[in-house]
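Trainee: any chance you can model this:
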Amino acid sequence: QVQLVESGGGLVQAGGSLRLSCAASGRAFSSHNLGWFRQAPGKEREFVAAIHYSGKSTTYAGSVKGRFTISRDNAKNTVYLQMDSLKPDDTADYYCAAGRNFPLSSTLAYAYWGQGTQVTVSS
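Mentor: Next up is the predicted model:
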């Protein structure tokens, strides 16, 4: 089993940057794919980025490609989401997730979820 705790959210102006972290507990971290999803008020949860358990493959939603970067440090049991050139549309609660299924862009691929961290981008 994997427990996930996100941190790093906050308020930032448009054009700014934030780095989200997600710390995991549990021995199986390195064998899980990891993803970031977000949910804005009144909207469904949507895929943001994911990284294969090997760390050799990443995938991004079109809306964040080129602005966000996902990475993982298996030695620290942590996954990161570097968010640059933030826009007001990026405002949402951000969730990290761990799982072993595919496709990585689907919420159904993940068995474990964190509680979320709020990101607000002001214009």
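
Trainee: C-alpha only now, for contacts and for neighbours.
Mentor: Will do.

Trainee: in which helix or strand does the residue positioned nearest the centre of the chain reside?
Mentor: Closest to where the C-alpha atoms of the chain average out (Cα atoms, centre = their mean) is Trp36, at 2.2 Å. Under the criterion of DSSP states H and E, Trp36 resides in strand 33-39.

Trainee: packing partners of that strand?
Mentor: In this structure, strand 33-39 makes packing contacts with strand 46-51, strand 92-99, judged by 3 or more Cα pairs under 8 Å, 6 or more residues apart in numbering; DSSP states H and E.

Trainee: quick check: bridge partners of Thr120?
Mentor: Beta bridges link Thr120 to Leu11, judged by DSSP bridges.

Trainee: how far away is it from His32?
Mentor: 29 Å (Cα to Cα, to the nearest Å).

Trainee: beta partners of the residue nearest to the centre of the chain?
Mentor: If you apply DSSP bridges, the partners that Trp36 bridges to are Ala49, Cys96.

Trainee: any idea of the mean pLDDT for stretch 97-108?
Mentor: In this model, stretch 97-108 has a mean pLDDT of 96.

Trainee: in that stretch, what counts as buried?
Mentor: 97-100, 104-105, 107 (16 or more other Cα atoms under 10 Å).

Trainee: can you redo those as CSV with distance to Ser71?
Mentor: Listed next are the buried residues of stretch 97-108 as CSV, based on distance: Cα to Cα, whole Å:
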residue, distance to Ser71
Ala97, 13
Ala98, 13
Gly99, 16
Arg100, 17
Leu104, 14
Ser105, 16
Thr107, 19
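
Trainee: between those residues, which is nearest Gly62?
Mentor: Using Cα to Cα, Ser105 comes nearest to Gly62 of the buried residues of stretch 97-108, at 11.4 Å.

Trainee: perfect, I'm done here.
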